[in-house]
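Asker: got a predicted model here, sequence first, then my questions.
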Amino acid sequence: MEDAAPKTTAATLAETVLPTTDLSGDLAFFGRELGFRLETIMPADDPRTAVMTGQGTRIRLEVCDDAPATLILRSDTPTPARTSPGGTRLRVEPLTPQLIQPETAHAFAVRRLADEAPWVIGRAGMQYRDLIPGRLGGSIIASHIRIPDGGPVPDMVHYHTVGFQLIFCYRGWVDLVYEDQGPPFRLEAGNCVIQPPEIRHRVLYASDNIEVIEIGVPSEHVTTIDHEMELPNDTVNPDRLFQGQRFVHHEARNAEWRPARQPGFIARDTTIAANTGDVAGVQVLHRGDGDPTWTTHNADIHFTFVMEGRMTLEAEGHPTHQVVAGDAFTLPPGLATRYAAPSADIELLEVTLPGSPHIERP
């Protein structure tokens, strides 16, 4: 007896998979020459998959050297994968992109700017540098992003299926606009925003040599183009919750400095922990009073980017690292570390999940 054909409902979409060895070229070909429009793309830093619609069909471009013809059914009805008699693969995926958070592969890792990790061209022509080797098993991505030549950014209104996302302006400035947050505004160096899950937004204009640090959890998440919404929109609701998180635009000039969790440092809190229900926390650290001492933490993810200055990063059982501006590191829970000999101008961007980890001094 043959398998029953999968049932289709109003909540079903079909996508034809087209293998490609040149995603950028194919995006231009199908978009400019054939009139297709982009619907989703991922991952943002080095895209390998893009969905486009046009000419009465929906295609999915997937980077690979060779693959059989594949038809994807996106459906809310469970359907087994199959292969047609002629060899076409039938793949079934959820109708709505699913957020899958991999288990964190904890690691002590240091990424040095001097190591010259490659810059790659990502979404909207921006240049990306990966700051976390291995991305802790896919649980997080931290990207150093730059746009050498300023001006209008070729971006569209879009959103991300993501658990947490931070944009910290490191150098220069960028003009942004967000759903329900009023008119466009300028994100300046030292300031940051979080992009709550699925908030619509758009990058409008960037200064020359803008640099930002972008954190995304998990490392691979879908970016979806919203062709219907125009920004700014008429509604202004800064208290709106997007899947339990509020939009935050933190400005350094309004921040208070207090003793940091790290001995010998002071910190300005961005209020992100409070506005995400402690999903994540973001602080900026400067040199404070007293001497740095050994500490451990219990955060699932602990990431730091060195924005200015230098220090000696000591970790029990690991080689000592001299870290300077542009370097980044991750600290696993339970590992004893010390931020020794920090320079007077040291400035650290610290991101933790959850937002308020417990710190101990062994």
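Answerer: Sure thing, it's come through. What you are looking at is a predicted structure, and each value in this text was computed from that prediction instead of being measured.

Asker: show me where the stretch 201-350 of the chain has helices.
Answerer: Applying DSSP state H, counting those that start in this stretch to the stretch 201-350 of the chain gives helices spanning 272-275.

Asker: contacts only, for H297.
Answerer: By CB atoms under 8 Å, 6 or more residues apart in numbering, the contact set of H297 is 261, 331, 333, 352, 357-360. Every C-beta, even on glycine, is put in place using the N, C-alpha and C of the backbone.

Asker: what do you get if the cut-off is 10 Å, keeping everything else the same?
Answerer: 261-262, 331-337, 352, 357-360 (CB atoms under 10 Å, 6 or more residues apart in numbering).

Asker: one more: T83?
Answerer: Contacts for T83 (CB under 10 Å, 6+ apart) come out as 68, 70, 89-91.

Asker: one more time with 7 Å
Answerer: 89-90 (CB atoms under 7 Å, 6 or more residues apart in numbering).

Asker: excluding chain neighbours, what is closest to the residue nearest the centre of the chain?
Answerer: Centroid-nearest residue in the chain, with CA atoms, centre = their mean: G216, separated by 2.5 Å. Nearest residue to G216 in three dimensions, chain neighbours excluded: I141, at 4.7 Å (CB to CB, 6 or more residues apart in numbering).

Asker: and the one you found, how close does it get to T352?
Answerer: Using CB to CB, to the nearest Å, we find I141 at a distance of 16 Å from T352.

Asker: same question, L90
Answerer: 43 Å.

Asker: and these two? Which one has more around it.
Answerer: Higher neighbour count among L90 and T352: T352, with 23 against 16, using other CB atoms under 10 Å.

Asker: which residues does the more buried one bridge with?
Answerer: On the basis of DSSP bridges, T352 is bridged to G281, H302.

Asker: report the contact partners of it.
Answerer: Going by CB under 7 Å, 6+ apart, T352 touches 280-281, 299, 301-302.

Asker: now do it, the pLDDT please.
Answerer: pLDDT, T352: 98.

Asker: that older thread, so what's the residue nearest to G216 up against?
Answerer: By CB under 7 Å, 6+ apart, I141 lies in contact with 45, 132, 135, 216, 219.

Asker: the third one contacts V217, doesn't it?
Answerer: No - the pair R135 / V217 is not scored as a contact, 10.2 Å apart, by CB atoms under 7 Å.

Asker: per the annotation, how does this structure divide into domains?
Answerer: What automatic domain parsing lists as the domains of the chain is 12-93, 109-250, 253-360.

Asker: tell me the span between the first and last residue of the shortest one.
Answerer: Think domain 12-93. 10 Å (CA to CA, to the nearest Å).

Asker: and the longest one, by the same measure?
Answerer: Counting by CA to CA, you get 28 Å between the two ends of domain 109-250.

Asker: cool, thanks, signing off.
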